[in-house]
Structure formats: structure tokens, C-alpha cells
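Asker: Fold the following and give me the result.
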Amino acid sequence: MSLVLSVSTSRADIGILAPVWRTLAADTATELHIFLTGAHVNDSTLAEGSLPDAARVHLAGADLAGRRASEAAAAMPEIAAAMVRLINQIAPDSVLVIGDRLDMLPAAMATLAYNLPIIHLHGGESSEGAIDERVRHAISKLAHLHCAATVDAATRLSRMGEEPWRIHVTGAPGLDNLLAATELSADELAAELGFSPGDYFILATVHPETNAANPFGPLDAVLAALDATSRPTVITAPNADPGGAEMRARIEAFVAARPWVRFRDTLGTRLYANAMRYAAVMLGNSSSGIVEAGLFGLPVIDVGGRQKGRERGANVRHCEADAAAITGLLDTVGCSVKRPRSPVTCLYGDGRAAPRIAAVVAESLMDRERLLAKKFSEKAGSFVAPWELAAA
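Answerer: So this is what the prediction gives:
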């Protein structure tokens with residue numbers, strides 16, 4: 001029996017990790033432990049419905065909560081200390097971490113003294129407008145195995161000196177979760193969101209642009225553009241990056257004065273999948289617009305520089321943080337025109353990432369001596385997406 005410890009720090013990674021958790025929990029040779037920290041500390045309901053019955057769940061650490069930089073920095077060591085206590089308690093064989101969040105880094109760093117194998121999801125991607133860029137690459141260099149969402153990401157990991165045999169193109173597991181969600185009719189979704197039947201609504205999410213001189217620039221531009229269009233809109237909460245709490249307050253004040261806007265802290269997998277299925281357009285700077293929206297053929301207006309450098313499909317249009325430019329693109333996209341709702345070819349996978357990731361986790365337990373002996377590779381690897389091979 002192998003003991004795998006998976007870390008989650010926010011609502012954003014639950015939809016990504018849930019299908020992986022289900023797959024690992026179903027393996028009788030694996031004992032899955034889940035460490036909920038970060039935003040989970042102040043809201044333990046974020047993972048409700050996504051935790052397998054067979055998993056053992058641990059809640060500890062601290063919530064960065066979108067606070068000022070000094071407060072967020074002070075909270076990070078609390079996460080590391082909680083991770084150390086948990087490692088001492090359960091003695092995991094490997095650790096599964098994800099992405100690029102500031103609160104994920106201390107959890108990954110806490111494993112170093114134990115020399116534990118780390119499996120990293122969503123490494124090798126690029127988002128130059130946020131400090132996530134540095135966090136992601138830092139975790140990649142700590143990791144021993146990589147589950148890359150795209151060939152481009154896998155190639156970048158190889159150029160960073162990661163040995164090609166450590167890198168696997170698995171796709172993005174968030175797609176697995178969205179494809180598995182119960183499909184609603186357009187009218188059913190409208191009723192749950194509080195819209196009238198037939199409304200073609202805007203789906204908006206904006207996070208702080210933490211690498212920019214003005215982290216709130218994209219939000220200011222998006223809210224001004226929404227004001228100019230006055231179209232039905234559902235806007236979800238920003239993340240817990242520094243400045244996120246102030247941004248949320250601005251959004252809530254905006255929504256309170258505009259009856260055509262709905263605010264949801266989170267839509268959850270079922271509503272989010274259907275919102276992407278029926279929305280006229282997605283607006284903001286969330287990675288979800290880059291990674292997952294293409295699965296539903298949803299047009300996306302990516303605002304500002306937060307996602308700069310991230311590989312994107314033809315459904316995504318970029319726009320600077322300028323209200324007039326956003327308004328013009330909203331008119332171009334055509335919020336009153338019905339679009340195809342069937343899944344399309346997506347750069348980030350085929351909705352079958354979880355079993356591929358589970359196979360990589362199993363690999364982490366086979367040749368531990370080889371796995372832990374990391375060295376810089378001067379030779380670049382060549383990668384092919386498994387869904388492209390299947391199509392061929």
C-alpha cells in the first residue's frame with residue numbers, strides 16, 4: 001500500500017484535483033490523504049462534494065485571504081509548519097502538488113528536508129502578468145515528475161533542464177471534471193442564476209494582476225465595460241492573491257447597484273460547466289478562460305497581462321485593460337448571437353487526464369533511487385499529446 005499526499009489551497013484547484021482524487025481513491029493499492037490549507041482554512045466547505053469517501057482529509061495551515069503582502073507573507077510559514085506536522089504524522093510515500101499559487105509554494109518546500117518525491121500538475125505553463133509565473137517554475141524545479149497539460153508546457157519544462165523521462169503530457173484534469181458535470185438546459189441554468197430564459201449572459205472573473213504596477217487595472221476596465229453594455233452578467237469572486245480582498249469589495253459594491261449583474265463566490269462544477277456551455281462570452285483574466293473554455297467553444301476576452309505567455313486557442317482574444325477596447329470586443333463577439341455548444345478540439349486535453357496522472361503517481365513509487373537523483377538535462381525532449389496520437 002502506497003500513501004499519497006495531495007495538497008489543495010483554494011476553490012480554484014478543487015475542480016482540477018477532484019477527478020484525480022477519485023481515480024487515486026479507487027485504487028486499492030493507494031491510500032490517499034488530502035491536505036486542505038490556504039483558503040480552505042477559513043471556508044471548509046470549498047471542497048464539499050469533491051472529497052472521495054476513501055480519502056483521509058486534513059485541514060490546517062493559514063489562509064492568505066487576499067490580504068496585503070506583509071500579511072500574506074506572514075501566513076506562508078504557517079502553511080509550511082502545518083505541512084511538516086502532517087508529514088511527520090502520516091509519512092507519505094509521495095506528494096502531489098498543483099500549479100502556481102503563492103500558498104502552494106510553502107507546502108512544496110516543506111517536503112525538501114524529507115527528500116520526498118513530488119509530482120507536479122500544470123507545470124511548464126507561462127503567465128507573465130502574475131507572480132504565479134515564478135511560483136510555478138520554482139515548484140517545477142522542486143518536483144521529480146511532471147504532469148504537463150500541453151506539449152508546449154512539456155517542452156518548456158525540458159528547456160528548464162528537467163530530464164525528458166520525468167515529463168508526461170497528461171492534459172488538464174479540470175476538463176475531466178467539466179465533461180462529467182450534469183448537463184442542464186439553457187432555461188434550467190437561467191433559473192438557477194436568476195436570469196430570464198433566453199438571456200445571453202457574460203461570464204466574468206477577474207483576479208489581481210500581481211506583476212503589474214496597477215494590479216486592479218483589469219478589474220477597473222472590466223467593470224467600466226460592463227457598465228457601458230448593461231448586459232446580463234454573472235461574476236465570480238477573485239482569488240486569494242494579495243489585493244484579492246479589496247478587489248472583492250469593489251465587485252460586491254458594483255453588483256449591489258446593478259440588478260442585471262449576479263455575483264457568485266463560486267459556481268461549483270455543475271453550474272460552471274453549464275455557464276461555459278451557454279454563456280455568450282467569458283470576460284476577465286482567469287486561466288480558466290485559456291485552459292477550459294475552449295472545450296465548450298466559448299469565446300473569451302482575456303484582459304490585461306496576467307495570462308500573457310500562456311498557450312491559447314482560437315476562441316481567445318486578448319485585450320489591454322481598456323474599457324473602450326473591451327466594449328468594442330464585446331460587440332464584435334456578439335452577445336446576442338447563439339453559438340455552437342458542442343465540445344471542440346482543446347489544446348489542453350480530451351477530458352481523460354486523471355487516469356494518466358494516476359499512472360504517473362504510480363511511477364513515483366517504482367524506482368525511488370533514480371527518481372530522487374535529479375540532474376540538469378542539457379538535452380531537450382520531444383513530446384506528443386496522447387489525444388493527438390489517438391486522433392491520428
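
Asker: So what's the residue count around F376?
Answerer: By other CB atoms under 10 Å, 9 other residues sit near F376. Placement of C-beta: from N, CA and C, glycine included.

Asker: scratch that, V333 is what I was asking about
Answerer: By other CB under 10 Å, the residues close to V333 number 19.

Asker: could you list every residue that touches it?
Answerer: Counting by CB atoms under 8 Å, 6 or more residues apart in numbering, V333 makes contact with A280, V281, P299, I301, R317.

Asker: out of the residues you listed, which are inside helices?
Answerer: Within the contacts of V333, no residue falls in helices by DSSP state H.

Asker: Take the helix ranked longest in the chain, keep the C-alpha atoms, and write them as PDB.
Answerer: Taking DSSP H as the criterion, the chain has its longest helix at helix 69-90. Written as PDB, here are the backbone C-alpha positions of helix 69-90 (Å, rounded to 0.1, in the frame of the first residue of the first chain):
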ATOM      1  CA  ALA A  69       1.600  41.400   1.000                       C
ATOM      2  CA  SER A  70       3.000  41.600   4.600                       C
ATOM      3  CA  GLU A  71       0.100  39.600   6.000                       C
ATOM      4  CA  ALA A  72       0.200  37.000   3.100                       C
ATOM      5  CA  ALA A  73       4.000  36.600   3.600                       C
ATOM      6  CA  ALA A  74       3.500  36.000   7.400                       C
ATOM      7  CA  ALA A  75       0.800  33.300   6.700                       C
ATOM      8  CA  MET A  76       3.000  31.300   4.400                       C
ATOM      9  CA  PRO A  77       5.300  29.800   7.100                       C
ATOM     10  CA  GLU A  78       2.100  28.600   8.900                       C
ATOM     11  CA  ILE A  79       1.300  26.500   5.900                       C
ATOM     12  CA  ALA A  80       4.800  25.100   5.800                       C
ATOM     13  CA  ALA A  81       4.700  24.300   9.500                       C
ATOM     14  CA  ALA A  82       1.300  22.500   9.200                       C
ATOM     15  CA  MET A  83       2.700  20.500   6.200                       C
ATOM     16  CA  VAL A  84       5.700  19.400   8.300                       C
ATOM     17  CA  ARG A  85       3.400  18.300  11.200                       C
ATOM     18  CA  LEU A  86       1.300  16.300   8.700                       C
ATOM     19  CA  ILE A  87       4.400  14.600   7.100                       C
ATOM     20  CA  ASN A  88       5.600  13.600  10.500                       C
ATOM     21  CA  GLN A  89       2.200  12.200  11.300                       C
ATOM     22  CA  ILE A  90       1.400  10.200   8.200                       C
END
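
Asker: just the strands in this protein please.
Answerer: Assigned by DSSP state E, the strands in the chain fall at 2-8, 30-36, 56-59, 94-98, 118-121, 145-148, 167-169, 202-205, 233-236, 261-264, 281-284, 300-303, 316-319.
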